[in-house]
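>>> Give me a 3D structure for the following:
(chains A and B)
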Number of protein chains: 2
Amino acid sequence: MLQAVAKTLSVASTTSSASRGVLVCFRSYCKKTTTKLRVSEVLSGAELGASVKVQGWVRSVRPQKANVFLHVNDGSSLQSLQVVAGAELNDPLLTFGSAVEVTGTVKKSPHKKQPVELEAAQIHIVGECNPVDFPFKIKERHGLEYIRQFPHLRCRTNAFSSLLRIRSEAAAAIHLYFKDNGFVQINTPIITSNDCEGAGELFQVEPSSPEHVEDENFFSVPAFLSVSGQLHLEVMSGAFSRVYTFGPTFRAENSQSRRHLAEFYMVEAEVSFTKSLEDLTKVMEDMFRSATEHVLAHCVEDVDLFHKHVTPGHRDTVDAMLKKSFPTITYTEAIDILNRSSETFVFQTDWGCDLKTEHEKYLVKHCGNIPVFVTDYPYDLKPFYARDNLDHPQHTAAAVDLLVPGVGELCGGSLREERLGLLRARLEEAGLEDTYSWYLDLRRFGSVPHGGFGLGFERYLQCILGVDNIKDVIPFPRFSHSCLL
Amino acid sequence: MLQAVAKTLSVASTTSSASRGVLVCFRSYCKKTTTKLRVSEVLSGAELGASVKVQGWVRSVRPQKANVFLHVNDGSSLQSLQVVAGAELNDPLLTFGSAVEVTGTVKKSPHKKQPVELEAAQIHIVGECNPVDFPFKIKERHGLEYIRQFPHLRCRTNAFSSLLRIRSEAAAAIHLYFKDNGFVQINTPIITSNDCEGAGELFQVEPSSPEHVEDENFFSVPAFLSVSGQLHLEVMSGAFSRVYTFGPTFRAENSQSRRHLAEFYMVEAEVSFTKSLEDLTKVMEDMFRSATEHVLAHCVEDVDLFHKHVTPGHRDTVDAMLKKSFPTITYTEAIDILNRSSETFVFQTDWGCDLKTEHEKYLVKHCGNIPVFVTDYPYDLKPFYARDNLDHPQHTAAAVDLLVPGVGELCGGSLREERLGLLRARLEEAGLEDTYSWYLDLRRFGSVPHGGFGLGFERYLQCILGVDNIKDVIPFPRFSHSCLL
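Numbering: from 1, shown residues only, chains lettered A, B, ... in the order given. Presented below is the predicted three-dimensional model:
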């Protein structure tokens, strides 16, 4: 009977060219029901002794005399599943990068590295992969810079698939924090007729096909990609006491630096009925802490890969960040610290100047290499919406930045000028009263003291993982002269 | 002693012009600690007897001889908190739309409508609202079309604040579904050098300031706003068995219809190792069901507002959708049904034609006014990536649409052509082999059968709420000739 089955299978595998990759051994015969499982489910060890089917990509092949050992990965975890197959199941098409479907029995592994392994009864090669043409090589650890050249394939490396799982979990953690704290998520628009910051580096949007140019503009007004959802969140601050948005924002910055992207993700929150900047710094610190603790708890292996192999020692930095509460210094104190320091900076620091990355990094180190809030920046440095502290002679606005190790500025926020008279005067001065008449309306009708902040999501990932180049923490980086795929 | 306190407060309220809105009564004196609570927290009844502070906007004012009754809303729930204050706390500035801070004691309400009310000890008017200029009037129920004229204020109405809470909860429910089912979230790019569908209606992106035009293009290639994240998700399908994206997509469609927006949100998922369209329809149906049940359970009052006041009777439609499993018919069967029907359609239905909204709506009704899957569309109607069913004489592709009551097409999906030879031939035929050489690479290296779908998030909200115009389910609608704020 066993022989008969073997014969049938053997005939099938030689007559049909489509089944070239189907290799079956006797063991399969005795199994009853086969459950399709993900690699992470098998690795959890719950299905010991069960007959399962696993689908994924081959991450290593090690043929030996009696057996062939494979590692199969399906993206559900960093760890691959070790598959042990009889030598008769080996096939030249079982190469690094090929896709397979393996049926077999979950067994306790004799090796310490993995709790279980899969004893293969059948291996089906789903998709071949020519190892000569495939840009990643078996057993080689390719650097982040090398794999960046292959935006359509780099997710198949350990490092980048870990990054993507971490990014997904971090985004979920941030949504969770806001939901647990009563924030309503608002999809602020991507296309906008506003120029939030008054800063120039905008992308303009127009239909690509000429049939639309009958009008001067598709939207009747010039339309841009959003640089911030803040003003639209402020609209919502007139009806909700807590709102947030988490989406893409854009800057047409002609930069190929390690710190800038043309398209990046921002988390922005706005809180109504604020009394002081502390109402905001509390949210920033709580969110940072909550998201980071979540990621460290839920992505242990993936984070370890970065902390051990990409930036050795970075875990200590992260642990230190979470241990102490974040100190707050004023801008004026920051300038004093910088001026008293023995460090030589490229840019001088007189009261009134903007802080550069070199200054931000110094301040972080000075405060013990943990995140630090800098508050009350010079009024003249801040956009029209920042709340006037009405102080003098050093005139400041109630603005705050969160500076973090390795990155510098991670968050920027402020109380917003809710006082109609002061806001109108500042807009008039800038000749923007008409443009922002709707924004003034928000202060005409039931205005409340409010404030908010934005966090650069990619910089956040760089900060907790220790990744130096921002292009390595986003699936498809866009920057000047580069828009691959 | 009480008199002394009253005197102090009275002095304060007459000497400082800033405290014009601060009105205090004796009751406040006896309280010890005051907790700041959100309206929804007070309404939950947990803080009965406690001294609390509530901040929000006045939704109604009813002065009587001895008392004044207010309803205060802070966006945390549709229901407002009834505030009862002594007549001495009344003030002409306590108007509809004004912002207030009320301190008082939580009491059991004598009225059935609300479980508790707040007995005010102090009312501070935080922000005035001139009822003559404010476009919404007390006690009037403004229609969705009227409030749409005020994109910066409409969140202050009951209907639109309910919509925004529902939208936020529905988005959370969708993320939750995917997370619970092992999908990794991928932020597919907004700016892309691809034109996914080959369809023309694209927005092009260029820096707005002239200093960037030194090059022909900022990105060195023409760059567009994404119409779909599908191709980028397919990249990830070579390393993860389940991925999804949920973000904005764009069409430069010159339409002001009730069904189209220039900027709208899509949920897109891609599943690897698919065997048939059923692997996809299962995910679509499960997601629809799971998200809808979540929203109905978590937004009871908000959904009721729509089902009772905006589209009376719509709840029955929604309940019916959830009761039965969604039927599947093939395109060929659909054409038969349409051709046999006694209905007069504007457009004829010969095999090979695209289905119009009138046909989709008829098919939904024909199937019992519940969502219905239509599968296996004519091959020539579908884009290059749709998997060839290799059938004849009626040549079809493994594509599927989900049609739903009231809306028509809600989801569109397909198995993707994973066979290198067939895909290359089709791309060659279209002259696109070079453009999509990276896409062909995905089939060269470890290709697996996979498929996915997209769901229009706004159409989903229309479907479950019964909202007729798509502009009423998105915070800031963008369409031709309109990009307000």
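>>> confidence score at the most centrally placed residue in chain A?
Closest residue to the average C-alpha location of chain A: A:R167 at 3.8 Å, with C-alpha atoms, centre = their mean. A:R167 is assigned 98 on the pLDDT scale.
>>> I'd guessed it sits against A:V473; true?
Yes - between A:R167 and A:V473 a contact is recorded at 6.9 Å, counting by C-beta atoms under 8 Å. Using the backbone N, CA and C atoms, a C-beta is placed for each residue, glycine as well.
>>> and the residue nearest to A:L440 when sequence neighbours are not counted, which of the three is it?
Closest residue in space to A:L440, ignoring its immediate chain neighbours: A:R424 at 6.0 Å, by C-beta to C-beta, 6 or more residues apart in numbering or on different chains. Per DSSP: H, G, I helix; E, B strand; the rest coil, the secondary structure class of A:R424 is helix.
>>> What is the neighbour count of A:R424?
Applying other C-beta atoms under 10 Å in any protein chain shown, we find 17 residues neighbouring A:R424.
>>> shared neighbours of A:R167 and A:V473, anything?
A:L461 (C-beta atoms under 8 Å, 6 or more residues apart in numbering or on different chains).
>>> how about the helices of chain A, start to end?
Remark: helices assigned in chain A by DSSP state H are A:2-15, A:39-43, A:144-147, A:158-180, A:230-236, A:277-298, A:300-305, A:314-323, A:331-340, A:357-366, A:420-429, A:437-444, A:457-465.
>>> got a markdown table for these, with distance to A:V374 too?
As requested, the helices of chain A are exported to a markdown table (distance: least, C-beta to C-beta, whole Å):
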| stretch | distance to A:V374 |
| --- | --- |
| helix A:2-15 | 69 |
| helix A:39-43 | 42 |
| helix A:144-147 | 31 |
| helix A:158-180 | 23 |
| helix A:230-236 | 19 |
| helix A:277-298 | 10 |
| helix A:300-305 | 28 |
| helix A:314-323 | 16 |
| helix A:331-340 | 5 |
| helix A:357-366 | 7 |
| helix A:420-429 | 23 |
| helix A:437-444 | 26 |
| helix A:457-465 | 16 |
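>>> Which of those sits closest to B:K53?
helix A:277-298 (14.0 Å; C-beta to C-beta).
>>> Buried residues of the closest one, list them for me.
Along helix A:277-298, these residues count as buried under the neighbour rule (16 or more other C-beta atoms under 10 Å in any protein chain shown): A:277, A:279-281, A:283-285, A:287-292, A:294-296.
>>> And the helices of chain A: which comes nearest B:G406?
Closest to B:G406 of these is helix A:230-236 (C-beta to C-beta; 27.6 Å).
>>> Now do stretch A:49-68, average pLDDT.
For stretch A:49-68, the per-residue pLDDT averages 96.
>>> Buried residues, it. List them.
A:S51, A:V52, A:K53, A:V54, A:Q55, A:G56, A:W57, A:V58, A:R59, A:V61, A:N67, A:V68.
>>> and it, how far from the chain's centre?
Centroid separation between stretch A:49-68 and its chain, computed with C-alpha atoms, centre = their mean, to the nearest Å, is 32 Å.
>>> send the alpha carbons of that stretch over as CSV?
Extracted in CSV, the C-alpha atoms of stretch A:49-68 (Å, rounded to 0.1, in the frame of the first residue of the first chain):
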residue,chain,number,x,y,z
GLY,A,49,3.3,16.8,16.7
ALA,A,50,0.8,18.3,14.3
SER,A,51,0.9,18.0,10.5
VAL,A,52,1.2,21.5,9.1
LYS,A,53,1.7,23.3,5.9
VAL,A,54,4.1,26.3,5.9
GLN,A,55,4.7,28.7,3.0
GLY,A,56,7.6,31.1,2.6
TRP,A,57,10.9,32.0,1.2
VAL,A,58,14.1,30.0,1.6
ARG,A,59,16.7,31.9,3.6
SER,A,60,19.3,29.2,3.8
VAL,A,61,19.9,25.7,2.3
ARG,A,62,22.3,23.2,3.8
PRO,A,63,22.4,19.8,2.1
GLN,A,64,24.1,17.0,4.0
LYS,A,65,24.4,13.3,3.3
ALA,A,66,21.1,12.0,4.6
ASN,A,67,19.2,15.3,5.0
VAL,A,68,18.8,18.8,3.7
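>>> and that stretch with chain B, contact?
Yes - applying C-beta under 8 Å from any C-beta of the partner chain, one finds stretch A:49-68 in contact with chain B at A:Q55, A:G56, A:W57, A:V58.
>>> could those be laid out in a markdown table, adding distance to A:D388?
Below are the residues of stretch A:49-68 next to chain B laid out as a markdown table (distance: C-beta to C-beta, whole Å):
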| residue | distance to A:D388 |
| --- | --- |
| A:Q55 | 61 |
| A:G56 | 59 |
| A:W57 | 58 |
| A:V58 | 63 |
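>>> So which of the residues you listed is the closest to B:A159?
For the residues of stretch A:49-68 next to chain B, the closest approach to B:A159 (C-beta to C-beta) belongs to A:Q55, at 47.3 Å.
>>> so that closest one bridges to which residues?
Listed beta-bridge partners, A:Q55: A:E101 (assigned using DSSP bridges).
>>> From A:L176, how far off is A:V184?
To A:L176, A:V184 is 14 Å away according to C-beta to C-beta, to the nearest Å.
>>> actually A:R165, sorry about that
16 Å.
>>> So between those two, which is more surrounded?
A:R165 (23 against 17).
>>> The stretch 51-200 of chain A: strands as residue ranges?
A:51-63, A:67-73, A:81-86, A:99-108, A:116-127, A:184-185, A:191-192 (DSSP state E, counting those that start in this stretch).
>>> Can you get me a residue count around the one residue in the stretch 101-250 of chain A that gets nearest to chain B?
For the stretch 101-250 of chain A and chain B, the shortest gap (C-beta to the nearest C-beta) falls at A:F240, measuring 3.2 Å. A:F240 has 29 neighbours, counted by other C-beta under 10 Å.
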